[in-house]
Structures are given as structure tokens and as C-alpha cells.
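**Student:** Please work out how this folds:
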Amino acid sequence: MARKPNRTAGRETLKLVATAIAVGVHVGRWWLARKGTVAMAVGFGVLTTTLSLTGGTVARTNVAPVVCPPTEPVLYGFSYTRPTVNSQPLTFVVAGAGELPEGILAAESIVALGDTSPRGITKKAVFVMGLMENRLRGLGADRLLVNAIDVYTVHSLDSILPELVLNRVGPASVHGIRWHYTRPPIIDIEFEMDLRGTRTEVHLA
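**Tutor:** Alright, predicted model coming up:
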């Protein structure tokens, strides 16, 4: 018996490809806006797109805004590095993650699968905080260097913010958090976070 083609998987792949290309285009345009050369803009765009598709060394967070969602994939922000002296503090970007163990994409492995009660969201948040701390250590960084914390969820943070997030990041809590009212890109994942410690942030109108 012939196997039917998985059209859903195909559509999801196309969405990921479209997003990766959109990111590459935005990075190329950004370089041109800084009066960079066309050749370098194309190079940066192609490199970013390739790394996004292959899972290379690009820390990324993909989310779906609930209020006023965009009609096409868009780039909200990005980070880049430049040479510095060794005496400067370490900077880093911790990739976003939801309540799914590293390297596993099976729905049944989602922490507290289907449980969006306060207890379920708490379990998810505890797990995600653990992931963030492990990734932070993997980069050779610690909580003292964190100056931006983003949370992506449509669920209330009232019961988890003080103890499970702010208390665990210690001194970094002075920066507060940014709560994005969005959903993670995978159905049934309800709570996502990312962290970073950067030296300069530029906001464009």
C-alpha cells in the first residue's frame, strides 16, 4: 500500500525555510543601512539563512504573537558580535527554549503535556529555568552577567515570577523581565524563555 505524502510536514518545512530566508534578508538590509557593501550584505544574508536552516551557531527564538500577529515571517531583533579586548566582560545570547528536553522533538516528552493549570505551568517554568541555567553554564557565563530576560507565554506569571524566575536569577532580577504575549512555535508547548548578556542594544523606530 502506497504511503500518502505528509503534506502537513511539507508545509511546516516551507514555513521554516521562509522564516530562515526572511531572517537572512533582514540581516542583509540591516548591513546595507549601515552603509555596508552589497557584496557583504548578500554574504551576511546567505550565511544567516544557511545557519538558520542547518541549526548552526545561531541562537534563535521563534514565537507566534497572539495580538496583532504579522501576516508573514518577520525579524523582531538580532544580535551580532564584534572584536573586543580580553578585559571586557563576557557577552552572550542564550537561545530560546520551551518545556521540551534537549534534542527531543516527541510530543509525549513535553513537560506536563496538556496541563495549563497553574500547577502545570509551574512545572513547565521550573523545567525551562533549568534549561536556561544549563545553557548559561555551557557558554561559560553566570547569572551576574544576565541583563535581559524574555518570557514567551499566554499564561499568567503571577504565581511563578517572584520565586521561579526572579529569585533564581538573583542579581539579574534588577533588570526585570520582558513578557511577550506569544505562543511558542510548537503546539502544546506553553512556556518559553531566553536570556542574554549584551553590552549595547539599539532600538530602531
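
**Student:** Let me see the contact set for the spatially closest residue to residue 123 that is not a sequence neighbour.
**Tutor:** The shortest distance from residue 123 to any non-neighbouring residue, by C-beta to C-beta, 6 or more residues apart in numbering, is to residue 112 (4.2 Å). Just so you know, the C-beta spots here come from the backbone N, C-alpha and C atoms, and that holds for glycine as well. Listed by C-beta atoms under 8 Å, 6 or more residues apart in numbering, the contact set of residue 112 reads 99, 119-121, 123-124.

**Student:** for these, which one is nearest residue 132?
**Tutor:** Residue 132 lies nearest to residue 99 out of those, by C-beta to C-beta, at 11.6 Å.

**Student:** Would you mind measuring from that closest one to residue 129?
**Tutor:** In this view, residue 99 and residue 129 are 10 Å apart by C-beta to C-beta, to the nearest Å.

**Student:** What pLDDT is listed against residue 40?
**Tutor:** On pLDDT, residue 40 comes in at 62.

**Student:** er, residue 204 actually
**Tutor:** On the pLDDT scale, residue 204 gets 77.

**Student:** Now name the helix or strand holding it.
**Tutor:** Assigned by DSSP states H and E, residue 204 belongs to no helix or strand.

**Student:** mind listing the helices for the chain?
**Tutor:** According to DSSP state H, the chain carries its helices in the segments 7-33, 38-54, 118-138, 167-169.

**Student:** rewinding a little: check what pLDDT the residue nearest to residue 123 gets.
**Tutor:** Per-residue confidence at residue 112 stands at 96 (pLDDT).

**Student:** Equivalent analysis for residue 48, please.
**Tutor:** 61.

**Student:** next one: the one 4 residues further on
**Tutor:** Predicted confidence (pLDDT) at residue 52: the value is 57.

**Student:** And residue 99 and residue 129? Which one has more around it.
**Tutor:** Between residue 99 and residue 129, residue 99 has the larger neighbour count (other C-beta atoms under 10 Å), namely 26 against 18.

**Student:** quick one: low-confidence parts of this protein?
**Tutor:** 1-60, 205 (pLDDT under 70).

**Student:** Spatially central residue for it, please.
**Tutor:** Among the residues of the chain, the one closest to the centroid is residue 61, at 2.0 Å (C-alpha atoms, centre = their mean).
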